[in-house]
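A.B. asks: for reference, the sequence and a predicted model appear below.
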Amino acid sequence: MFPGVRELAGLRANRAWLEQWAQQAPSVSWGDVLIGLIVKYQQNPQRAGRSLAYLHAAIHDALVACARRGCESAVLPVAMHAAASRMLDHLYPDESRGRLEALGHSAATAVLAANGAHAQAGVAWQTGRAVAENAIRRAYYDGADLPRLPEKRPPWKPGVWRASPPLNMYDPIEPNAGRWRTPARNASRTNGTSPPAASPRPACGTSTRRSWPSSAS
């Protein structure tokens, strides 16, 4: 699945590659990739926010899942790269087939080149992929593909949107966005709290952990 010790040693000469994928958090590296895709496909803020939520939730959950399976810290980024690449491959089907997943494999290889070959690399990769597959199953049923139904448009009254120059757009960009399901299954079940006033950092003991359901629910 990954190069051997000798091949990894030879790859360490590529400093720019290691800096991008092994020397910064996977969330930063993949955030840059995703921003490029958002610009490329000219996504509106609602679609962009959905993609960002799925990407970063999958990266987080891959980290947690791999740690719970006993993965050592050196291979945790492998799971995170696997989840991120699979998630983006699903969210952007118009990209060349396999490009984003190949990028994820390259990123995981960079981690191993920087940290050394590891016996748990395969387990970490498969764990990240499994997390992404759960996220993808949820994405199929989150409501983002609900059709626009012009007949459901409410009649105009003061305070209701109506077309205006210069664009004369009659419908909002995403009329169903308010019905989309968020990555957290139930926002009221998260335990995050706001930090105290004037606090320079979040309050200790807060938790915003979320988990993907094993099936759409």
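C.D. replies: Cool, got the structure.
A.B. asks: contacts and neighbour counts: CA atoms only from here.
C.D. replies: Noted.
A.B. asks: what about the helices in the chain?
C.D. replies: Listed in chain order, the helices of the chain (DSSP state H) span residues 5-11, 15-21, 26-40, 45-68, 76-91, 99-115, 121-140.
A.B. asks: would you turn those helices into TSV with mean neighbour count, distance to Met169 and mean pLDDT?
C.D. replies: Below are those laid out as TSV (neighbours: other CA atoms under 10 Å; distance: least, CA to CA, whole Å; pLDDT from 0 to 100):
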stretch	mean neighbour count	distance to Met169	mean pLDDT
helix 5-11	14	53	78
helix 15-21	16	41	91
helix 26-40	16	22	97
helix 45-68	20	17	96
helix 76-91	28	27	97
helix 99-115	21	35	94
helix 121-140	22	28	96
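A.B. asks: and these as TSV, adding distance to Thr182?
C.D. replies: TSV is the format used below for these (distance: least, CA to CA, whole Å):
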stretch	distance to Thr182
helix 5-11	40
helix 15-21	28
helix 26-40	19
helix 45-68	8
helix 76-91	15
helix 99-115	24
helix 121-140	9
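A.B. asks: out of these, which comes closest to Arg153?
C.D. replies: helix 45-68 (19.4 Å; CA to CA).
A.B. asks: among the helices of the chain, which is nearest Ile173?
C.D. replies: helix 45-68 (8.6 Å).
A.B. asks: neighbouring contacts of the closest one?
C.D. replies: Under the criterion CA atoms under 8 Å, 6 or more residues apart in numbering, residues 26-27, 31, 34, 38, 73, 76-77, 79-81, 83-84, 87-88, 91, 124, 127-128, 131-132, 135, 174, 177, 183, 210-212 lie in contact with helix 45-68.
A.B. asks: ok, stretch 4-11 next?
C.D. replies: For stretch 4-11, the external contacting residues (CA under 8 Å, 6+ apart) are Thr109, Ala110, Leu112, Ala113, Gly116, Ala117.
A.B. asks: ok, which pair from those is furthest apart?
C.D. replies: Among the contacts of stretch 4-11, Ala110 and Ala117 lie farthest apart (CA to CA), at 10.4 Å.
A.B. asks: count the neighbours of Pro166 for me.
C.D. replies: By other CA atoms under 10 Å, the residues close to Pro166 number 6.
A.B. asks: so what's it up against?
C.D. replies: Contacts of Pro166 (CA under 8 Å, 6+ apart): none.
A.B. asks: got it, and the one 10 residues further on?
C.D. replies: Contact partners of Asn176, counting by CA under 8 Å, 6+ apart, are Gly143, Ala144, Leu146, Arg148.
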